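K.L.:
when you get a sec, could you give me coordinates for this:
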Amino acid sequence: MPCTKFACYVICSVAVFGNMTDHQPERTLTGHADVVTVVAYSPDGKTLASGSKDKVIKIWDLATGECRATLAGHSDKVVGLSFAPDGKTLASASDDWTVRLWDVGTGQQKALLRGHKEEVRGVAFAPDGKAIASASADWTVKIWDAGTGEIRADLRGHDNEVNAVVYSSDGKTLASAGWGGVIKLWDTATSKENLTIKAPGPMIRMVAFTPDGKTLASAGREGVIRLWETATGKELAALTGHDGLVRWIAISPDGKLLLSAGKDGTPRLWDLPARKLISTLPGTGQAVQTVAFAPDGKTCATAGVDKLIRIWSVLEIAKVDHD
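P.N.:
Down below sits the predicted model:
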């Protein structure tokens, strides 16, 4: 079905599968013209946003699978997305060195945030919606005022490219990570560094907090997912099984599951408290670039090089133990 708004130039369609066996997705969304690099659920779980190397963002109605809008404006690939807590604004990060804010209801660009001097690799709204953090290849993390678009703080401390930023659920801590295997935890009230963790391997691509903020998961080029105690920086566990770069990880809202994906093309679901593999989703032979859990934890999304977005029932994919 075609996109109906905002200069959509690609036909978007949805394929729905019947009974799920052998870990089949509930739905597959198609419409991007190139690799899908990032997906994000809205806070109410009714909408999915996706970004791509095709330089656009698509807004999907998850009840129907319809592509409601295509947001064009970035001049390079979109690599990060984050909804404001009220779901009305979407922040995007791009290799074009910018962060942009979009009105989800109208599809119009609300603000263009300039300040980084290299590619912007990640973006995250603070839980209170008042600030936005961005990570960049210019070695900095910037904190933006979500209302005015002005830079509140310029966090310096990384000595290489920064790939990821994520807030703890209480908003008191910001984690950043990147090349050199360096993870930093920042006090958001003071913009001061609380802790530095040096992980094995040359690069961290993604980090994710558990809901209680006591544990941080990291993953990257070494292909291992590591769990860290945020109070001390102590390594708690290492989850192995992926072959090569793990590009994205996500933790379920209840903190019981971790979803990972990367170069090997096989997303994996982990029991986080038990620290063991539950299931491996069928691969396509191509890298999976991004994963996300719905806010209610009932579904998750995966997407990647094949340009498709797959929506899975978490209950179904958690049924079979593959370890």
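
K.L.:
do a quick rundown of the helices in this structure.
P.N.:
314-317 (DSSP state H).

K.L.:
pLDDT weak spots in it?
P.N.:
Low-confidence segments of the chain, defined by pLDDT under 70: 1-21, 320-323.

K.L.:
repeat the analysis, applying 90 as the threshold.
P.N.:
Filtered on pLDDT under 90, the chain yields the residue ranges 1-23, 283-285, 319-323.

K.L.:
return the distance of the residue lying closest to P253 once chain neighbours are set aside relative to A219.
P.N.:
Spatial nearest neighbour of P253, chain neighbours left out: G297 (4.7 Å); criterion: C-beta to C-beta, 6 or more residues apart in numbering. For every residue, glycine as well, the C-beta is placed using N, CA and C. Using C-beta to C-beta, to the nearest Å, we find G297 at a distance of 20 Å from A219.

K.L.:
related to what we said a few turns ago, who touches the residue nearest to P253 in this structure?
P.N.:
Counting by C-beta atoms under 8 Å, 6 or more residues apart in numbering, G297 makes contact with S252, P253, D254, L257, V314.

K.L.:
right, and the first one touches L258 too?
P.N.:
Yes: in terms of C-beta atoms under 8 Å, S252 counts as a neighbour of L258; the distance is 7.5 Å.

K.L.:
which of these two has more neighbours?
P.N.:
Between S252 and L258, counting by other C-beta atoms under 10 Å, L258 is the more crowded of the two (26 against 22).

K.L.:
so that one versus A303, what's the distance?
P.N.:
From L258 to A303 the distance is 18 Å (C-beta to C-beta).

K.L.:
then K184?
P.N.:
28 Å.

K.L.:
between the two, which one's more packed in?
P.N.:
A303 (30 against 21).

K.L.:
shared neighbours, S252 and L258?
P.N.:
L272.

K.L.:
wait, isn't L174 in contact with K142?
P.N.:
No: contact criterion C-beta under 8 Å: L174 and K142 do not qualify, at 11.2 Å.

K.L.:
and those two? which has more neighbours close in?
P.N.:
Between L174 and K142, L174 has the larger neighbour count (other C-beta under 10 Å), namely 26 against 23.

K.L.:
list the contacts for the more buried one?
P.N.:
Neighbouring residues of L174 by C-beta under 8 Å, 6+ apart: A124, A133, V141, I143, L155, V165, V166, Y167, S168, L185, W186, T188.

K.L.:
which residues are in contact with A292?
P.N.:
V39, A40, Y41, L48, A250, L259, C300, A301.

K.L.:
repeat for V99
P.N.:
A91, S92, A93, L112, L113, H116, V120, V123, I132, S134, W144.

K.L.:
between those, which sits nearest D243?
P.N.:
Proximity of the contacts of V99 to D243 (C-beta to C-beta) peaks at A93, which lies at 27.7 Å.

K.L.:
show me what the closest one is bridged to.
P.N.:
For A93, the beta-bridge partners under DSSP bridges are G80, V99.

K.L.:
ranges for the strands of the stretch 201-323 of the chain?
P.N.:
Remark: strands assigned in the stretch 201-323 of the chain by DSSP state E, counting those that start in this stretch are 204-209, 215-220, 225-229, 235-239, 246-251, 257-262, 268-271, 276-280, 288-293, 299-304, 309-313.

K.L.:
ok, which stretches of the stretch 1-150 of the chain are strands?
P.N.:
Taking DSSP E, counting those that start in this stretch, the strands of the stretch 1-150 of the chain run over residues 13-16, 27-30, 36-41, 47-52, 56-61, 66-72, 78-83, 89-94, 99-103, 109-113, 120-125, 131-136, 140-145.
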